[in-house]
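Colleague: Take a look and give me a structure for this.
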Amino acid sequence: MTHHDIVIVGGGCVGLSVAKHLADRTDRSVAVLEKEHHLAEHQSGRNSGVLHPGFNYPPGSQKARFATEGTRRMKAYCVEHDIPCDELGVLVVATNDREEARLYELADQATANGVEWEILDSQAAIREHEPHAVGQAALHAPEAASVDSQQYVYTLARDVQNAGVSLYLGHAVTAVRHTDFGYRLTTSNGTFEADYLVNAAGLHADTLAHELGVGEEYQVVPFRGEYYELTPEKADLCQSMIYPTPDPDLPFLGVHYTRRADGKVIVGPNAVLAFGREAYENTQFDLNDLQETLTYEGFWKLLASSTMLSVAWEELNKSYRKEKFVEASQKLVPDVRESDLHSSYAGIRAQLVSDDGELVKDPLFIDTDDAVHILNAVSPGLTSSLPFGEHIAETLETKY
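Modeller: Residues are numbered from 1 along each chain as shown. Okay, the predicted model is just below:
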């Protein structure tokens, strides 16, 4: 049996960031348990790689603070460690009067959050930035950037190991229980004891918390986001990032264009219920996970909303009918054709839902006397990972 003072379950960008900041702040023995044999296999590596500068979050909120600070710190970290990171900027495009009014709300939030912005008030102004995008107005945020998220996670891992943190790959936690001394964790590769626990298990964070009687009023409902990629000869249809105007009532952004740090242009994602927490293909399913979702009262309360039901149907169509995905893509870039898009990868968002059917839109962690459970490291989780990890490390520090 192996003992560490602090054990972190989950070796994604948040778990590793917590480890990094604990190593900076304490000489206690810290370990990270990651169930996969390779890092960035799930949310931390299956994302768009965008650093969101913080114009889309309410001033004074944790999301706003973590996003603005996270963007700045991530850029500096990438420069220090030679991680690909391109500051390309983003255009948030409005296609009608209601959306244009929303752009000015975003501009007010950007000002309050200290984010640079510019309103482009005509199609001609939009075309100066993105020659193939269409809209009646757009908000330009030049600080948005594209980062290689997988290289970032692996660099964090090297950092924490160099700082003395023990990183155990291929150690899936199969059981956890509270003991008189702290915690006993049974894994697929041995048993661990810990005085303090950090639950950063992402898609499985609620399961781990529920074993300890924590956060039982919440459950993760997995939503799959599927990406297409522009063929190389059509990659010039997007020079930076082209986003639709976000709906403040929905947590999902909608289909958008992102030029990645490797030069590829990805389009997406949609947001469809996944039939398993790791069901990355629309033909995959996990009976236990699916049963858990379909028997969860909060899920059915969520779908009781006519808005959510309509959105769910639209997103399902985008998953199984490519022409519907293409139609959504053409709202921003009409020149794109079905033959210009080919399937790329998919990610799954660990969307936390409350028992009353509400989507939890803000970061949520629950701390006890000797543990911190990160139940909702919600988007922009990658962007926020450095300050969020530091915040969790500070919270844990007060316990010892």
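Colleague: so where do the strands sit in the stretch 201-350 of the chain?
Modeller: Using DSSP state E, counting those that start in this stretch, the strands of the stretch 201-350 of the chain run over 218-230, 241-244, 256-259, 265-268, 272-273, 341-354.
Colleague: could you redo those as TSV and give each row distance to residue 377, mean pLDDT and mean neighbour count?
Modeller: From N, CA and C alone the C-beta is placed, and that goes for glycine too. As requested, the strands of the stretch 201-350 of the chain are arranged in TSV below (distance: least, Cβ to Cβ, whole Å; pLDDT from 0 to 100; neighbours: other Cβ atoms under 10 Å):
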stretch	distance to residue 377	mean pLDDT	mean neighbour count
strand 218-230	11	96	23
strand 241-244	21	97	24
strand 256-259	20	97	25
strand 265-268	21	96	25
strand 272-273	20	91	22
strand 341-354	8	96	19
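Colleague: Out of those, flag the one nearest residue 329.
Modeller: Residue 329 lies closest to strand 265-268 among these, at 5.3 Å (Cβ to Cβ).
Colleague: Name the spans of the stretch 201-350 of the chain whose pLDDT lies under the cut-off.
Modeller: Applying pLDDT under 70 to the stretch 201-350 of the chain flags residues 251.
Colleague: which stretches of it form helices?
Modeller: 205-211, 287-294, 297-303, 306-320, 322-330 (DSSP state H, counting those that start in this stretch).
Colleague: Name the residues that touch the third one?
Modeller: The reference is to helix 297-303. 218-219, 221, 293, 308-309, 312, 353-359 (Cβ atoms under 8 Å, 6 or more residues apart in numbering).
Colleague: and that helix, C-alpha only, in CSV?
Modeller: Output in CSV follows, covering the C-alpha atoms of helix 297-303 (Å, rounded to 0.1, in the frame of the first residue of the first chain):
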residue,chain,number,x,y,z
GLU,A,297,-34.8,13.0,-12.5
GLY,A,298,-32.8,16.1,-13.2
PHE,A,299,-32.2,15.1,-16.8
TRP,A,300,-36.0,14.8,-17.5
LYS,A,301,-36.7,18.1,-15.7
LEU,A,302,-34.0,19.6,-18.0
LEU,A,303,-35.8,18.3,-21.1
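Colleague: Pull out the buried residues from it.
Modeller: Of the residues in helix 297-303, 298, 299, 301, 302 count as buried by neighbour count, 16 or more other Cβ atoms under 10 Å.
Colleague: same check, this time on stretch 14-26
Modeller: For stretch 14-26, burial by neighbour count (16+ other Cβ under 10 Å) applies to 14, 15, 16, 17, 18, 19, 20, 21, 22, 23.
Colleague: on that earlier part again, and which of the contacts of helix 297-303 is nearest to residue 235?
Modeller: Proximity of these to residue 235 (Cβ to Cβ) peaks at residue 312, which lies at 31.5 Å.
Colleague: ok so, going back, need the contacts of helix 297-303 in CSV with distance to residue 390, can you?
Modeller: CSV is the format used below for those (distance: Cβ to Cβ, whole Å):
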residue, distance to residue 390
218, 24
219, 28
221, 28
293, 33
308, 34
309, 39
312, 36
353, 27
354, 27
355, 31
356, 31
357, 33
358, 28
359, 26
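Colleague: Output the helices of the stretch 201-350 of the chain in TSV; the columns should cover distance to residue 124.
Modeller: Output for those, formatted as TSV (distance: least, Cβ to Cβ, whole Å):
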stretch	distance to residue 124
helix 205-211	47
helix 287-294	47
helix 297-303	42
helix 306-320	31
helix 322-330	20
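Colleague: out of these, deepest packed?
Modeller: Among these, helix 205-211 has the highest mean neighbour count (mean count of other Cβ atoms under 10 Å), at a mean of 21.
Colleague: which strands and helices sit next to that helix?
Modeller: strand 173-178, strand 190-199, strand 218-230, strand 371-376 (3 or more Cβ pairs under 8 Å, 6 or more residues apart in numbering; DSSP states H and E).
Colleague: just to revisit the earlier point, identify the farthest-apart pair in the contacts of helix 297-303.
Modeller: 218 and 309 (21.5 Å).
Colleague: residues contacting residue 224?
Modeller: When contacts are counted by Cβ under 8 Å, 6+ apart, residue 224 is found next to 270-274, 279-280, 282, 319, 346-349.
Colleague: give me the beta-bridge partners of it?
Modeller: residue 272, residue 348 (DSSP bridges).
Colleague: Distance of it relative to residue 364?
Modeller: Remark: distance between residue 224 and residue 364 (Cβ to Cβ, to the nearest Å) = 21 Å.
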